[in-house]
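K.L.:
model this:
(one chain, ligands or ions: 1)
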Amino acid sequence: SDHKLEYPSCPNDMDWKKLYPGFIDPETNELTSKVTIADIGCGFGGLLIDLSPEFPQNLILGMEIRVQVTNYVEDRIIALRSQNKDTKAYQNISVLRGNAMKFLPNFFEKSQLEKIFFCFPDPHFKQRKHKARIVTNTLLSEYAYVLKEGGIVYTITDVLDLHEWMVKHLEEHPLFERLDKEWESQDKCVQIMTNATEEGQKVERKKGAKYIACYRRVSNPVII
Ligand code: SAM
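P.N.:
I've put the predicted structure just below:
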């Protein structure tokens, strides 16, 4: 439960250097950049691993609530880094145990992120469990806070009801606008998230549907 979760009181209190040692500037002993891509509920880490070579200059973070799963992803990244010492690949991905529904602004500053992924989030089928879904009005305001203007929210699921739920809430939110199918077909992250995650591969094997919706974080309205 949450009282066992460790989280910083603000983003600066977090020891990011521990997560991305390959990005420490030897002269200043500080990280050369901040996390700009987040995979919420990253599961076993397939998306992180496939995004890594596509965005070698970006720090990418998976957030996962289950302890064992987080440990597994951590080990997976350590192994990849040590197998690729010569090329320094996979230094830009890391994972953190955390509840994204509660502490996101503790980890990320306003406008810090360029992309947030929600890949095959838990569907919480029953009506009374809907409030546990990862996309709600309140949470969307937090996602809008940590995303920069022009930043993208990516969603994919095999559950039509959840897809419709996410679309409905994103449509209703004033700070997001949907990107069309043509944009989706040209975006490399859409392609990656469709195939990279473990859940996505499971859906593929079962020949299930994959529903995609991507939204751009628009500018804050000017209040007169
Ligand atoms: N994205 C991965 C994929 O596509 O393979 C995993 C999908 S799995 C169905 C959903 C994941 O979200 C689980 O690993 C679960 O533990 C995690 N999760 C659920 N609620 C969460 C929360 N509030 N914060 C962080 N992770 C969460």
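
K.L.:
In the protein, where's the longest strand?
P.N.:
strand 147-157 (DSSP state E).

K.L.:
ok, then the element right after that strand?
P.N.:
Using DSSP states H and E, the helix or strand that follows strand 147-157 in sequence is helix 160-172.

K.L.:
Mind listing what's buried along the longest strand of the chain?
P.N.:
147, 151-157 (16 or more other C-beta atoms under 10 Å). In short, each C-beta sits where N, CA and C put it, glycine included.

K.L.:
again, but for stretch 130-139
P.N.:
Buried residues in stretch 130-139 (16+ other C-beta under 10 Å): 133-136, 139.

K.L.:
what is the mean pLDDT for that stretch?
P.N.:
In this model, stretch 130-139 has an average pLDDT of 86.

K.L.:
how far does it stretch from start to finish?
P.N.:
Using C-alpha to C-alpha, to the nearest Å, the end-to-end distance of stretch 130-139 comes out at 13 Å.

K.L.:
can you check stretch 38-58 too?
P.N.:
Termini of stretch 38-58 sit 11 Å apart (C-alpha to C-alpha).

K.L.:
is that stretch anywhere near the ligand?
P.N.:
Yes - using C-beta under 6 Å from any ligand atom, we find that stretch 38-58 touches the ligand at 41-43.

K.L.:
the helices in this protein, which residues?
P.N.:
Using DSSP state H, the helices of the chain run over 16-19, 46-51, 67-83, 100-107, 137-146, 160-172, 181-186, 188-195, 198-205.

K.L.:
my guess is residue 101 meets residue 135, correct?
P.N.:
No - using C-beta atoms under 8 Å as the test, residue 101 is too far from residue 135 to be in contact (10.0 Å).
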